[in-house]
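Visitor: Whatever this is, show me its structure:
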Amino acid sequence: MQLCQLFIDKNKSEFMLMKMPDEVTPDNYQGWVSQKESESTIQAFEFPQKLLDQIAMEYLDENQTDAPYEAKYVLMKEPDEEALFISSLELNDDEKLDVVRNGLLIVFDENELQHFSDVLQKAWSKIN
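Guide: I've put the predicted structure just below:
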């Protein structure tokens with residue numbers, strides 16, 4: 001299992017996916033992210049709700065053509081909020097990756113990363 005963080009370059013609005021060192025875990029990755037942000041002009045990218053929806057729709061659209069993807073939302077509800085929100089998007093078929101709302105990608109299948117990057121770019125173009 002590999003952890004990656006999605007960053008966006010503040011100057012160019014370009015996405016960058018960085019693999020985290022093995023010693024970084026989901027519990028302590030925030031320190032690593034902050035260190036990276038202080039080193040250059042990048043910032044951790046938070047997936048807006050609309051973008052998560054669009055990414056899921058891209059995967060589901062592909063599914064119509066017999067592609068082996070199924071997008072599965074993980075819904076959360078803040079104690080003080082009425083509405084549910086999507087905290088992550090799991091892509092299933094032997095669990096490929098889990099896209100957490102704060103830009104953390106938990107990667108089970110590295111081959112999926114390139115495909116996900118293409119889908120992300122497409123989804124981003126649609127909402128911007």
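Visitor: Give me the pLDDT for Ala67.
Guide: If you check Ala67, the pLDDT there is 61.
Visitor: what do you get for the one 10 residues further on?
Guide: What the model reports for Lys77 is a pLDDT of 77.
Visitor: residues contacting Ser40?
Guide: Going by CB atoms under 8 Å, 6 or more residues apart in numbering, Ser40 touches no other residue. Any C-beta I mention is one placed from the backbone N, CA and C, and that applies to glycine too.
Visitor: Output stretch 43-58 as PDB, restricted to C-alpha atoms.
Guide: The C-alpha coordinates for stretch 43-58 follow below in PDB (Å, rounded to 0.1, in the frame of the first residue of the first chain):
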ATOM      1  CA  GLN A  43      -0.100  23.400  -1.600                       C
ATOM      2  CA  ALA A  44      -2.000  20.300  -0.700                       C
ATOM      3  CA  PHE A  45      -5.000  20.000  -2.900                       C
ATOM      4  CA  GLU A  46      -8.400  19.400  -1.200                       C
ATOM      5  CA  PHE A  47     -11.000  17.700  -3.400                       C
ATOM      6  CA  PRO A  48     -14.100  19.900  -3.600                       C
ATOM      7  CA  GLN A  49     -17.300  18.000  -3.300                       C
ATOM      8  CA  LYS A  50     -18.100  18.900  -7.000                       C
ATOM      9  CA  LEU A  51     -14.900  17.400  -8.200                       C
ATOM     10  CA  LEU A  52     -15.300  14.200  -6.200                       C
ATOM     11  CA  ASP A  53     -18.800  13.900  -7.800                       C
ATOM     12  CA  GLN A  54     -17.400  14.500 -11.300                       C
ATOM     13  CA  ILE A  55     -14.500  12.000 -10.800                       C
ATOM     14  CA  ALA A  56     -17.100   9.400  -9.700                       C
ATOM     15  CA  MET A  57     -19.200  10.200 -12.700                       C
ATOM     16  CA  GLU A  58     -16.300   9.700 -15.000                       C
END
